[in-house]
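S.K.: Structure, please.
(chains A and B)
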Amino acid sequence: AQKITQTQPGMFVQEKEAVTLDCTYDTSDPSYGLFWYKQPSSGEMIFLIYQGSYDQQNATEGRYSLNFQKARKSANLVISASQLGDSAMYFCAMREGWRTSYDKVIFGPGTSLSVIP
Amino acid sequence: EPEVTQTPSHQVTQMGQEVILRCVPISNHLYFYWYRQILGQKVEFLVSFYNNEISEKSEIFDDQFSVERPDGSNFTLKIRSTKLEDSAMYFCASRWTLSYEQYFGPGTRLTVT
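M.R.: Modelled structure (predicted):
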């Protein structure tokens, strides 16, 4: 079974608008964390944001925020005020378990975001 | 800002040859990882490494693969006898002890012919 699902293979957004990229996950472990990474066409993987399962508040980093709905097992990424440089592939990923040495990260299939001027 | 570095950026090798991919993690990080991404596909976990030993590995990480931290700064992935299906982008990542965020290097594109 897929651990991480990203149902939007491709998305378009107008520059300066906000966009939400969907991510749902599957785990039975009460301790886990969700990541979002950005991969521009140049290929590098850029860490954007992290949310722990026990974190009380939704994570935010600048224009990025994570809409974490634990009961629905969703961890959507919201990008506010989109910029042309936001055009990239976005991966949702998850780690499971409480031990810091047990931290394999499983990636979703990704969503390709294109920002239109 | 400190970053993970990887060399070479692109390696071309013939099937059956051994390759060593090199990584220099961020200096105060103690947890190290290798991932791979076959072109157009998702990123796959290969192995995690802490305290000079493998802490976890995936089914992909078979006997053809090995990792080593030969000195205080480098972290290497060796593929003993490359196959065509090993062609992929290989990412090294590292993280600090008290944080779960893994920071990735720019990747090494391995092409097996």
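S.K.: Chain B against chain A: which residues are in contact?
M.R.: B:31, B:33, B:35, B:41-45, B:48, B:50, B:55-56, B:58, B:89, B:91, B:93, B:95, B:97, B:100-107, B:109 (C-beta under 8 Å from any C-beta of the partner chain). For the C-beta atoms, the positions are set from N, CA and C on the backbone; glycine is no exception.
S.K.: Try it again at 7 Å.
M.R.: B:42-43, B:45, B:48, B:50, B:55-56, B:89, B:91, B:100-104, B:106-107 (C-beta under 7 Å from any C-beta of the partner chain).
S.K.: Mind picking out the helix or strand in the chain with the poorest mean pLDDT?
M.R.: Using chain A here. Least confident helix or strand, chain A: strand A:105-107 with a mean of 92, by mean pLDDT, DSSP states H and E.
S.K.: ah, no, chain B please
M.R.: Least confident helix or strand, chain B: strand B:53-57 with a mean of 90, by mean pLDDT, DSSP H and E.
S.K.: I'd like to know which elements that strand is packed against.
M.R.: Contact partners of strand B:53-57 among helices and strands, from 3 or more C-beta pairs under 7 Å, 6 or more residues apart in numbering or on different chains; DSSP states H and E: strand B:43-50.
S.K.: Tell me what angle the strand it packs on forms with strand B:53-57.
M.R.: 150 degrees (axes from the mean of the first three to the mean of the last three C-alpha atoms, to 10 degrees).
S.K.: which residues are contacting strand B:43-50?
M.R.: With C-beta atoms under 7 Å, 6 or more residues apart in numbering or on different chains as the test, strand B:43-50 has contacts from A:91, A:101, A:103-107, B:30-37, B:54-58, B:60-61, B:65, B:67, B:69, B:75.
S.K.: mind running it again at 8 Å?
M.R.: If you take C-beta atoms under 8 Å, 6 or more residues apart in numbering or on different chains as the criterion, strand B:43-50 is touched by A:37, A:45, A:91, A:93, A:101, A:103-107, B:30-38, B:54-58, B:60-61, B:65, B:67, B:69, B:75, B:77, B:90-91.
S.K.: Report the beta-bridge partners for residue 75.
M.R.: Using chain A here. Under DSSP bridges, the beta-bridge partners of A:A75 are A:F68.
S.K.: Let me rephrase: I mean chain B.
M.R.: Beta-bridge partners of B:F75, as defined by DSSP bridges: B:C23.
S.K.: what's the burial count for it?
M.R.: Residues lying near B:F75 (other C-beta atoms under 10 Å in any protein chain shown) number 25.
S.K.: do the same with B:K42
M.R.: 17.
S.K.: same deal with A:L113?
M.R.: 21.
S.K.: in the helix or strand containing it, what counts as buried?
M.R.: Assessed by DSSP states H and E, A:L113 sits inside strand A:111-116. Neighbour-count burial for strand A:111-116, with 16 or more other C-beta atoms under 10 Å in any protein chain shown as criterion, is recorded at A:T111, A:L113, A:V115.
S.K.: Cool, thanks, signing off.
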